[in-house]
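S.K.: Build me a structure from this.
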Amino acid sequence: MEKITLREKIIRTAGELFYSNGYNSTGINEIIDKCSIAKATLYSHFKSKEDICIAYLTQRHEVFLTSLKGYVSKRKKGKNQLLAIFDFLRDMYREEDFYGCWALKTLGELSPKQKRLLGVIQKQKKDLLLYLGEVVGENIINISKAETEKISGGLYLLYDSAITESYLFKNDWPIYMSRSIAPSLFADSELV
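M.R.: Below you'll find the model as predicted:
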């Protein structure tokens with residue numbers, strides 16, 4: 001059985017609440033109650049709810065990116081790897097309580113003053129975009145930097161749209177639609 005630290009328990013518990021109920025709808029006292037800890041214990045690990053949210057976003061992103069990279073690497077080179085992000089999303093949609101993108105869900109609740117959280121989310125989205133650029137570069141022969149950016153940017157936008165719309169409609173048709181549109185981004189390219 002996996003033994004987790006109290007800090008990890010706080011992050012997991014708060015993360016589940018942030019993801020299912022929303023960042024603004026989740027209070028510190030609810031986190032404390034769900035963790036069965038004292039307020040002083042929580043504040044000995046985190047200075048604020050924002051710090052807990054940053055830890056949650058960071059952990060969730062790291063797990064997501066590691067899982068996505070492993071998923072893509074197991075696919076056959078070429079079109080299969082280029083479309084793998086949509087298959088990965090489809091599996092996420094089917095396997096867990098799906099409330100859309102944890103980062104975009106949090107973003108929708110931020111005020112203009114919450115620049116630290118905004119910065120974390122922007123960095124995570126940039127990480128995904130850069131990774132998609134790597135996938136494009138590894139699967140398309142003789143591709144320019146401009147074309148790499150165009151294709152990876154298109155894949156990124158289709159992915160983000162699919163995750164948001166699948167949550168909105170409580171259906172996976174947007175994932176299938178995005179996956180079916182994606183090959184038009186690299187239709188004129190020579191695949192590995």
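S.K.: what's residue 24 sitting at in phi/psi?
M.R.: Backbone torsions for residue 24, taken as degrees, to the nearest 10, come to phi -70, psi -30.
S.K.: How are the helices of this structure distributed by residue range?
M.R.: 6-21, 28-35, 39-45, 49-73, 79-95, 102-107, 115-139, 145-169, 173-181 (DSSP state H).
S.K.: would you turn those helices into TSV with mean pLDDT, mean neighbour count and distance to residue 187?
M.R.: Using the backbone N, CA and C atoms, a C-beta is placed for each residue, glycine as well. Converted to TSV, the helices of the chain look like this (pLDDT from 0 to 100; neighbours: other Cβ atoms under 10 Å; distance: least, Cβ to Cβ, whole Å):
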stretch	mean pLDDT	mean neighbour count	distance to residue 187
helix 6-21	95	18	36
helix 28-35	96	16	48
helix 39-45	95	13	51
helix 49-73	97	17	20
helix 79-95	96	18	10
helix 102-107	94	20	28
helix 115-139	98	17	13
helix 145-169	97	17	10
helix 173-181	98	17	11
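S.K.: Out of those, which is closest to residue 188?
M.R.: When the helices of the chain are compared by Cβ to Cβ, helix 145-169 sits nearest residue 188, at 9.3 Å.
S.K.: show me what contacts the nearest residue to residue 158 once chain neighbours are set aside?
M.R.: Once flanking residues are discounted, residue 158 sits nearest to residue 178: 4.0 Å by Cβ to Cβ, 6 or more residues apart in numbering. Applying Cβ atoms under 8 Å, 6 or more residues apart in numbering, we find residue 178 in contact with 86, 158, 159, 161, 162.
S.K.: do that again at 6 Å, thanks
M.R.: Neighbour list for residue 178: 86, 158, 162 [criterion: Cβ atoms under 6 Å, 6 or more residues apart in numbering].
S.K.: Test my guess that the last one contacts residue 175.
M.R.: Yes: at 4.6 Å, residue 162 and residue 175 qualify as touching, with contact defined as Cβ atoms under 6 Å.
S.K.: I figured residue 109 was touching residue 23, is that so?
M.R.: Yes: with contact defined as Cβ under 6 Å, residue 109 counts as touching residue 23 (4.7 Å).
S.K.: Those two: which is more packed in?
M.R.: residue 23 (24 against 14; other Cβ atoms under 10 Å).
S.K.: re the thing from before, indicate which one of the helices of the chain is closest to residue 190.
M.R.: Residue 190 lies closest, by Cβ to Cβ, to one member of the helices of the chain: helix 115-139, at 10.1 Å.
S.K.: contacting residues around the closest one?
M.R.: 54, 57, 61, 77-78, 81-82, 103, 107, 110, 148, 151-152, 155-156, 192.
S.K.: how big is the angle separating it from helix 145-169?
M.R.: Relative orientation of helix 115-139 and helix 145-169, computed by axes from the mean of the first three to the mean of the last three Cα atoms, to 10 degrees: 120 degrees.
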